[in-house]
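Engineer: the following block contains a protein sequence and its predicted model.
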Amino acid sequence: MAKYWSIADILSGKAKVDDEVVVKGWVRTRKDSKAGFSFINLHDGSCFDPIQVIANNNLSNYESDILKATTGSSMAVTGKLVASQGQGQSFEIQATEIDVLGLVDDPASYPIQPKPHTMEFLRSVAHLRPRTNAIGAVTRVRNCLAQAIHRYLHSQQFNWIHTPIITASDCEGAGEMFRVSTLDQTNLPLTDKGAIDYSQDFFGKEAFLTVSGQLNVETYCLSMSKVYTFGPTFRAENSNTSRHLAEFWMVEPEIAFADLNDNADLAESMLQYICKAVLDERGDDLAFFNQRIDKTVIERLESIVNNQFERMNYSDAIDILQKSGKKFEFPVAWGTDLQSEHERYLAEEHVGRPIILMNYPKDIKAFYMRMNDDEKTVAAMDILVPGIGELVGGSQREERLSVLDSRIDEMGLPKENYWWYRDLRRYGTVPHAGFGLGFERMVAYATGMQNIRDVIPFPRTPGSAEF
RNA sequence: UCCCCCUUAGCUCAGUUGGUUAGAGCGACGGACUGUUAAUCCGCAGGUCCUCCGUUCAAAUCGGAGAGGGGGAGCCA
């Protein structure tokens, strides 16, 4: 029995010429030569390139099956690995047996035709789009990034904490939440006062999908020292942009005995590591992205790996924007949040590479961010990258109970909801910090894909949860 | 949530001032040629002009409503 190989292993030279091999996959193209054979480009997802199979017309099922195998058909091929006589590939398979497993019903209307498609169209056939070059390449880069994140953090002795998806604590405060309920929506139980009686719901109280694992992961940080979450998060914001999803993945490292600079160091080092991993491991896919999607992708990744990120205080950024002589649609003033156009100017024009903005005004940031000595700013940081904008958001956390309490009061938050979060400051508190990396934004940055809906298999956005 | 744009063949798009039988490229299919690889050449098929209502002698074209999609802004990751 010949060995079943992945196309990646064969094309990278792991099989020997003259070996008998088996490959299985889907037909990308088939061209028939009157010289008495067909060229079949077979793809199995293991790498960017398909392998070329030569099917002679003396195969018993040549007329009956092989000539019917159009683009998208599946087959198992047994044959001899040989050096290619043609150009464009080093190896090819001289087939001795081809088992056509599944034909394509109606080739004329098969959505994935051997021609360019728009991303908008491919979204409408999300169940078939992984068969395209672009989405296949995105899938491999996405996987490479995910594996690299785990590998990097593991090598730094981080523990991966599986924080909950369902949360019954109404204190995450990072955005609108999706409700989780098993109550009969057509016959809701009511309290004496006419409100919905959630005490009868599944958890005995209101429950939601998480918008961030940060508060939960902080609890493990204050025991395990270096931890992270990596999983899906949900925001019920009515955001309709190429950078937002209702369901997305987020990496949130949290480190104890650390300040904002340690936090920025970690984020920078992790981003450099994972970008290097993509450069090292996915050269085939990057070559495609660089040629067809965004001619600056490789250059951009190399620039991340080879350069230190620019670090800048919020206040200095305001100065730079005000002195830029640039006319912005929104005015620049200390104390207001930066607009997209401001972030773009800083990352794309002023420094031309990723920039870490630090120490924002306290009034535009969350309650848990650590108050600086000036009592005007907090130890927050955003990493802005050209083309995407905000890729990372993080902060040093407020570890002093009294300061945390006054921030909670100042923002009018219900202190009782935070009892367990406050306990962390009562029992052995330490300085700690962390950040969140939007995983899809990272994939978009690493591939040059312009719309975040094309870097996640099945995008969920307002009004759209098809498939 | 706000502003703008789009919807015509499997896909990408033309379609003039409202006027006879709605076109092209790609793809598919058939043929020629060919160790081809974004092949090339010839031919053929393919239409609920998003849906509904209205204006009109006449609507792909004008008006209204609805559905779907996209770009930008805000929110953020």
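Structural biologist: Sure thing, it's come through.

Engineer: I'd assumed A:Pro457 was in contact with A:Ala126.
Structural biologist: Yes: between A:Ala126 and A:Pro457 there is a contact under CB atoms under 8 Å: 7.2 Å. Placement of C-beta: from N, CA and C, glycine included.

Engineer: compare neighbour counts for those two and give me the winner.
Structural biologist: A:Ala126 (17 against 14; other CB atoms under 10 Å).

Engineer: need the helix or strand of chain A with the lowest average pLDDT.
Structural biologist: Every helix and strand in chain A was compared by mean pLDDT, DSSP states H and E; the lowest is helix A:340-344, with a mean of 90.

Engineer: can you tell if that one touches RNA strand B?
Structural biologist: Yes: Helix A:340-344 comes into contact with RNA strand B (CB under 7 Å from any atom of the strand), by way of A:340-341.

Engineer: what's in contact with that helix?
Structural biologist: Helix A:340-344 is contacted by residues A:317, A:321, A:328-330, A:332, A:384, A:386, A:389-390 when judged by CB atoms under 8 Å, 6 or more residues apart in numbering.

Engineer: of these, which are in range of RNA strand B?
Structural biologist: Okay, of the contacts of helix A:340-344 touching RNA strand B (CB under 7 Å from any atom of the strand), that's A:330, A:389-390.

Engineer: these in strands, which ones?
Structural biologist: Cross-referencing these against strands under DSSP state E gives A:389-390.

Engineer: now the ones next to RNA strand B among the contacts of helix A:340-344: which count as buried?
Structural biologist: Neighbour-count burial (16 or more other CB atoms under 10 Å) applied to those gives A:389-390.

Engineer: of the ones next to RNA strand B among the contacts of helix A:340-344, closest to A:Pro130?
Structural biologist: Nearest to A:Pro130 among those, counting by CB to CB, is A:Gly389 at 27.3 Å.

Engineer: shouldn't A:Cys275 be within a helix?
Structural biologist: Yes: the assignment for A:Cys275 (DSSP: H, G, I helix; E, B strand; the rest coil) places it in a helix.

Engineer: ok, now which ones touch it?
Structural biologist: Per CB under 8 Å, 6+ apart, neighbours of A:Cys275: A:301, A:304-305, A:446.

Engineer: which pair in those spans the largest distance?
Structural biologist: Of all pairs in those, the most separated under CB to CB is A:Val305 and A:Ala446 at 11.5 Å.

Engineer: okay, now the sheet partners of whichever strand in chain A runs longest, with direction.
Structural biologist: If you go by DSSP E, chain A has its longest strand at strand A:20-33. Within its sheet, strand A:20-33 is paired with strand A:3-4 (parallel), strand A:37-43 (antiparallel), strand A:74-83 (antiparallel), according to DSSP bridges.

Engineer: the last one - what's its average pLDDT?
Structural biologist: This means strand A:74-83. Average pLDDT, strand A:74-83: 94.

Engineer: pull out the buried residues from that strand.
Structural biologist: So for strand A:74-83, counting by 16+ other CB under 10 Å, buried means A:74-75, A:77-81.

Engineer: for the second one, same thing?
Structural biologist: Applying a neighbour-count criterion of 16+ other CB under 10 Å, the buried positions in strand A:37-43 are A:37-38, A:40-43.

Engineer: rewinding a little: the longest strand of chain A close to RNA strand B?
Structural biologist: Yes: for strand A:20-33 and RNA strand B, the contact criterion (CB under 7 Å from any atom of the strand) is met by A:29, A:31-33.

Engineer: which of those residues has the weakest pLDDT?
Structural biologist: A:Ser33 (85).

Engineer: how about the residues of the stretch 351-467 of chain A near RNA strand B?
Structural biologist: A:389-393, A:436-438, A:440-441, A:450-453, A:461-464, A:466.

Engineer: switch the cut-off to 10 Å
Structural biologist: A:364-366, A:380, A:382-384, A:387-395, A:435-442, A:444, A:450-454, A:456, A:459-466 (CB under 10 Å from any atom of the strand).
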